[in-house]
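Have a look at this prediction, sequence included:
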Amino acid sequence: EFHSLAVTADGAVLTWGKGESGCLGHGEDLSDQLLPKKIEAFAGRRVVAVSAGQYHNMAITADGAVWSWGHGAYGRLGHGDEQDQLLPK
């Protein structure tokens, strides 16, 4: 709801805005980000698409894998539970 994300030309993902519920994907660092910050969990992977939800995000990597992170209520992350995910999984 109060965050943004972008994919760079080389497949990195940047997030910024409100950090609650892990929606920025920076692990235990839940602080608000005033400038775009690279998600280090994608190091070595090439992201080709992203989508922002209200308190969660999804990404697709070049190998076709789907990743999600953020607020897990109602099973919205697709992990089979309702846990918040602080890093892309």
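Everything's here; your move.

Just give the number of residues close to Y55.
19 (other C-beta atoms under 10 Å). Glycine gets a C-beta too; all of them are placed from N, C-alpha and C.

Look up the closest residue to it, ignoring the ones flanking it.
Nearest non-adjacent residue to Y55, counting by C-beta to C-beta, 6 or more residues apart in numbering: H71, 3.6 Å away.

any idea how far the one you found lies from A9?
H71 sits 29 Å away from A9, going by C-beta to C-beta, to the nearest Å.

ok so, going back, so the residue nearest to Y55 sits against G19, correct?
No - with contact defined as C-beta atoms under 8 Å, H71 does not count as touching G19 (11.6 Å).

sorry, back to before: which one of H71 and A9 is surrounded by more residues?
The neighbour comparison of H71 against A9 (other C-beta under 10 Å) goes to H71, with 20 against 5.

residue contacts, that one?
Shown in contact with H71 (C-beta atoms under 8 Å, 6 or more residues apart in numbering): E20, S21, G22, C23, Q54, Y55, H56, D84.

ok, now which ones touch the fifth one?
Read it as Q54. Contact partners of Q54, counting by C-beta under 8 Å, 6+ apart, are E1, H71.

Need the pLDDT of it.
pLDDT, Q54: 92.

which SS class is it?
What DSSP: H, G, I helix; E, B strand; the rest coil gives for Q54 is coil.

Over to the one 5 residues further on?
A59 falls in the strand class when you classify it by three-state DSSP.

any idea how far it is from H26?
14 Å.

now swap in L77 and tell me
According to C-beta to C-beta, L77 and H26 sit 16 Å apart.
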